[in-house]
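Engineer: let me see the structure of the following:
(one chain, ligands or ions: 1)
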Amino acid sequence: MQFTRLRLNGFKSFVDPTDLVIANGLTGVVGPNGCGKSNLLEALRWVMGENRAKAMRGDGMEDVIFAGTSSRGARNFAEVVLQIDNSERLAPSGFNETDMLEIVRRITRDAGSAYKVNTKDVRARDVQLLFADASTGAHSPALVRQGQISELINAKPKNRRRILEEAAGISGLYQRRHEAELKLKSTEQNLARVDDVIEQLA
Ligand code: ATP
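Structural biologist: Numbering: from 1, shown residues only. Predicted coordinates:
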C-alpha cells in the first residue's frame with residue numbers, strides 16, 4: 001500500500017482546500033518556521049485514526065479545525081482525505097477489492113468525527129485496524145514527532161516493546177484479542193446470570 005495523495009480542508013492552518021500528490025520515492029517538505037510542515041504529518045496521523053488530542057498538540061480534538069485569524073473567520077469543520085494505491089492488493093481483507101483506497105475523516109464542531117472508506121461510512125476502529133494490519137497507522141514508528149527520539153530513549157521497556165510490535169504488524173491482533181476478551185467476560189457474566197435464573201426456577 002502506498003500513500004498517493006493527501007487532501008486537507010479546514011485542517012489547522014490549511015484553511016483552503018489543499019491537495020498534495022505524494023510521488024514515488026522520497027518526499028521532502030521544506031518551508032519557514034510555522035508554515036505548517038508538522039501540521040501535514042499530523043493530518044496524516046489524524047486521518048489514520050489518532051484519537052489523542054495531545055498528539056495533535058491540542059487540548060480537544062476540535063482544535064484541529066481552523067480557528068480563524070484577524071482576516072478570516074473560523075471554520076466549522078475540518079476534513080482530511082488520504083488516497084492509497086492498492087493495485088498490488090496489499091490492503092487487509094475487507095478493504096482489498098479496489099485498486100485505490102480513499103479514507104476520509106471529517107470533524108464537525110459539536111458533532112465529533114466521522115470516517116469513510118471508499119465513500120462507505122465506517123467506524124474509527126475499522127480505520128485504525130486497517131492501518132494496524134498494514135503495519136502502519138497513527139502510532140506508527142515511521143512517523144517521528146519532534147522530541148520523540150529522546151522520549152524513546154527514556155521510555156520504559158514495555159513502551160519500547162509496543163514499538164517493535166507495531167513494526168512487526170501484530171498490534172492489530174492485540175486489539176482484536178482485547179475485544180475478544182471483553183466479549184468473553186460479558187458472555188461469562190450472562191451465563192452466570194442464566195444459572196441463577198435456572199436455580200430459582202428449579
Ligand atoms: P517549525 O518549522 O517551527 O516546526 P512547522 O512548519 O512545522 O514549524 P506547524 O507547527 O506545522 O509549522 O504549524 C504551526 C502553525 O499552524 C502556527 O502558525 C499555528 O498558528 C497554526 N495552527 C495550528 N493549529 C491551527 C488552527 N486550529 N487554526 C489555525 N491555525 C493553526
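Engineer: which stretches of this protein have low pLDDT?
Structural biologist: Applying pLDDT under 70 to the chain flags residues 134-136, 138, 141.
Engineer: which residues does Leu41 contact?
Structural biologist: Applying C-beta atoms under 8 Å, 6 or more residues apart in numbering to Leu41 gives the contacts 143, 145. Where C-beta positions appear, they are placed from N, C-alpha and C, glycine not excepted.
Engineer: what ranges do the strands span in the protein?
Structural biologist: For the chain, applying DSSP state E gives strands covering 2-9, 18-21, 77-85, 100-108, 112-117, 120-122.
Engineer: just those: most buried one?
Structural biologist: strand 77-85 (a mean of 21; mean count of other C-beta atoms under 10 Å).
Engineer: find the nearest non-adjacent residue to the residue nearest to the spatial centre of the chain, please.
Structural biologist: Centre of the chain computed as the mean C-alpha position; nearest residue by C-alpha atoms, centre = their mean is Gly49, 1.8 Å away. Of all residues not flanking Gly49 in the chain, Gln128 sits nearest, at 3.9 Å (C-beta to C-beta, 6 or more residues apart in numbering).
Engineer: now do the buried residues in stretch 86-98.
Structural biologist: 86, 91, 95 (16 or more other C-beta atoms under 10 Å).
Engineer: quick one, helices of this structure?
Structural biologist: For the chain, applying DSSP state H gives helices covering 37-47, 124-133, 148-153, 157-168, 171-201.
Engineer: ok, stretch 3-11 near the ligand or not?
Structural biologist: No: judged by C-beta under 6 Å from any ligand atom, stretch 3-11 makes no contact with the ligand; its nearest approach is 8.0 Å.
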